[in-house]
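K.L.:
attaching a predicted model along with its sequence, questions to come.
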Amino acid sequence: MNKPIKKYKSGSIESSIWLNEREVNGDKVEFKTISLRKSWKDDKNIWRDATINLRRNDIPKAILVLQKAQENILLDSKEEDENE
């Protein structure tokens, strides 16, 4: 079974780097992909997880949309704090 070449973990979030191979025009080409996984326990205390796979060009887009979502959450929190 294929194993990741590197893993990073913070709490219930984990990313793994995978080395992949594909044949292009008769030549073997290697490329890396990333998997992003979140784990949690459901209401029956059973471990669950969700994974998405990203290519190199997807990573900056994922970072951008996560940063924008974080900005929105933090700005909303600040506005709520100011309104109290």
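P.N.:
Happy to help now that I have it.

K.L.:
assumed Val29 was part of a strand.
P.N.:
Yes. Using DSSP: H, G, I helix; E, B strand; the rest coil, the assignment for Val29 is a strand.

K.L.:
residues touching the closest residue to it other than its chain neighbours, list them.
P.N.:
Nearest in space to Val29, with sequence neighbours left out and distances taken as C-beta to C-beta, 6 or more residues apart in numbering, is Arg22 at 5.3 Å. Every C-beta, even on glycine, is put in place using the N, C-alpha and C of the backbone. Arg22 is in contact with 28-29, 31, counting by C-beta atoms under 8 Å, 6 or more residues apart in numbering.

K.L.:
dump the residue contacts of the residue nearest in space to the middle of the chain.
P.N.:
The residue lying closest to the centre of the chain (C-alpha atoms, centre = their mean) is Leu36, at 2.9 Å. The neighbours of Leu36, taking C-beta under 8 Å, 6+ apart as the test, are 13-15, 51-54, 62.

K.L.:
and those, which are buried?
P.N.:
Taking 16 or more other C-beta atoms under 10 Å as the criterion, what is buried in the contacts of Leu36 is 14-15.

K.L.:
which of the contacts of Leu36 fall within helices?
P.N.:
Ala62 (DSSP state H).
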